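Visitor: this is a predicted model, with the sequence first.
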Amino acid sequence: MRDISLNSINLLSKKILFIDGLSRSGKSMIGPVLGSFNKTYPMQHQNLMDNLFQLLQINQVSKNVCKSLINIFLNENIYYLNLSRGVNFRPEDNSSVLKDKNYKLFIKNLTKKEGDQVIKQIKRDKNLPIFQSHDLLSVVDLLEITIPDFRMIHILRNPIDNIFSFYSKYNQRYKGKKYDIDNPRFFSLAFKSKNKLVPYYALKNPDYFLKLNNLEKVTFYYLKILEKLQKKYLNFKNKNKIKIIRFDDFIQKPYQVIKKLENFLKLKKSSYTKISCKIEKVPRKIDNGSRERKFRFIKKSINKKMFERLNKKIILNEKNKLF
């Protein structure tokens, strides 16, 4: 087959914002607050870009294919969003448009006619698209090649809280299921090994990973990806495109962090921002007693070597030296 260059017209003319972080790092809390800013769309979930960039990194897809598919996805996503087609109206979800500053508009747009006039409106409004992402900082070099004008807010949560939160949700879902290949609720990029699902981050040592208990699997993920994030961030030249936000800082002093985010994005909060903060229950205090109990549980439940690696990250986090 002769080489044919894929191409897709780019509907979006300005930057795209990613709310990034490890699983259960607090993205779903901060995302709606950012979506309350003026000139923004509500935060949206996506898995396509997360998975495509990981596939690109292991040479399972070409840069040309990756860029074209992402461009098509973004065009379709923003076009549909302006028609309220395929948007989230589930009232309890963090990505629900019913929690957005423009929720009445999304309801009105259910009867809006589609066509080129929608594209003209998109280009006229120039609102900032906001997508939640998982671990994109670990492939930030590839992200920059594909979407040069991206911005990223990376959420950094205390390792103890992050791991325990992920484990609590993860253990409930996968307890006794042992990564069966026919489990349709496994939405992350995974590969088949001995009729079991192996996440992409455990591809090099699947046998070891599958033998771990569920808390060790979560800790394995945390350490593997965090170390990759640290390395990529250290070597990334255009750090002005990335803002690292500590979860603890945001929940205790949200408006100080919001001011930093306004400066980073060159956008202003709206009158709805206070309402969004109230919905997300910030500001609030940190429960140090609960964190200590989680720490003891993790220490006794994972193998010694893994705990020693994790404890080094905990100490660095306390000194604010992870990044």
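Guide: Looks like it arrived, so ask away.
Visitor: need the contact list for the residue nearest the centre of the chain.
Guide: For the chain, the residue nearest the mean C-alpha position is Ser133 (2.5 Å; Cα atoms, centre = their mean). By Cβ atoms under 8 Å, 6 or more residues apart in numbering, the contact list for Ser133 reads 18-20, 27, 46, 49-50. To be clear about C-beta, it is placed using only N, CA and C from the backbone, and glycine gets the same treatment.
Visitor: now do the strands in the stretch 1-150 of the chain.
Guide: Residue ranges of the strands in the stretch 1-150 of the chain, as given by DSSP state E, counting those that start in this stretch, are 16-21, 40-44, 128-132, 150-156.
Visitor: how about the ones you listed, which one is nearest Leu210?
Guide: Taking Cβ to Cβ, strand 16-21 is the member of the strands of the stretch 1-150 of the chain nearest to Leu210, at 25.7 Å.
Visitor: packing partners of the closest one?
Guide: helix 27-35, strand 128-132, strand 150-156 (3 or more Cβ pairs under 8 Å, 6 or more residues apart in numbering; DSSP states H and E).
Visitor: can you lay out these as a markdown table showing mean neighbour count, distance to Leu98 and mean pLDDT?
Guide: Below are the helices and strands packed on strand 16-21 laid out as a markdown table (neighbours: other Cβ atoms under 10 Å; distance: least, Cβ to Cβ, whole Å; pLDDT from 0 to 100):
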| stretch | mean neighbour count | distance to Leu98 | mean pLDDT |
| --- | --- | --- | --- |
| helix 27-35 | 24 | 11 | 96 |
| strand 128-132 | 22 | 16 | 96 |
| strand 150-156 | 21 | 23 | 97 |
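Visitor: how about the contacts of Ser133, which pair is most distant?
Guide: Pairwise distances across the contacts of Ser133 peak at 14.0 Å for Lys27 and Met49 (criterion: Cβ to Cβ).
Visitor: ok, the residue nearest to the centre of the chain to Tyr170 distance?
Guide: In this view, Ser133 and Tyr170 are 19 Å apart by Cβ to Cβ, to the nearest Å.
Visitor: do the same with Ile30
Guide: For Ile30, the distance to Tyr170 (Cβ to Cβ) stands at 21 Å.
Visitor: equivalent analysis for Asn88, please.
Guide: Distance of Asn88 to Tyr170, computed by Cβ to Cβ: 23 Å.
Visitor: neighbours of Lys211, just the number please.
Guide: By other Cβ atoms under 10 Å, the residues close to Lys211 number 9.
Visitor: could you do the one 10 residues further on as well?
Guide: Around Tyr221 there are 21 other residues, counting by other Cβ under 10 Å.
Visitor: make sure it is indeed in a helix.
Guide: Yes: per DSSP: H, G, I helix; E, B strand; the rest coil, Tyr221 lies within a helix segment.
Visitor: what's the span of stretch 298-312, first residue to last?
Guide: This stretch, stretch 298-312, spans 14 Å end to end (Cα to Cα, to the nearest Å).
Visitor: got the buried residues for it?
Guide: Neighbour-count burial for stretch 298-312 flags 298, 302, 306-307, 310 (criterion: 16 or more other Cβ atoms under 10 Å).
Visitor: ditto for stretch 262-272
Guide: Result for stretch 262-272 [16+ other Cβ under 10 Å]: buried residues 262, 264-265, 267, 269-270, 272.
Visitor: so which of those are in helices?
Guide: The members of the buried residues of stretch 262-272 that map onto helices under DSSP state H are 262, 264-265.
Visitor: a markdown table for those, including distance to Lys243 and pLDDT?
Guide: Output for these, formatted as a markdown table (distance: Cβ to Cβ, whole Å; pLDDT from 0 to 100):
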| residue | distance to Lys243 | pLDDT |
| --- | --- | --- |
| Glu262 | 11 | 98 |
| Phe264 | 5 | 98 |
| Leu265 | 9 | 97 |
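Visitor: and those residues, which is closest to Ile244?
Guide: Among those, Phe264 lies closest to Ile244 (Cβ to Cβ), at 10.5 Å.
Visitor: so what's Phe236 closest to, chain neighbours aside?
Guide: Nearest non-adjacent residue to Phe236, counting by Cβ to Cβ, 6 or more residues apart in numbering: Val140, 5.4 Å away.
Visitor: surely the one you found and Asn235 touch.
Guide: No: counting by Cβ atoms under 8 Å, Val140 stays clear of Asn235, with 9.3 Å between them.
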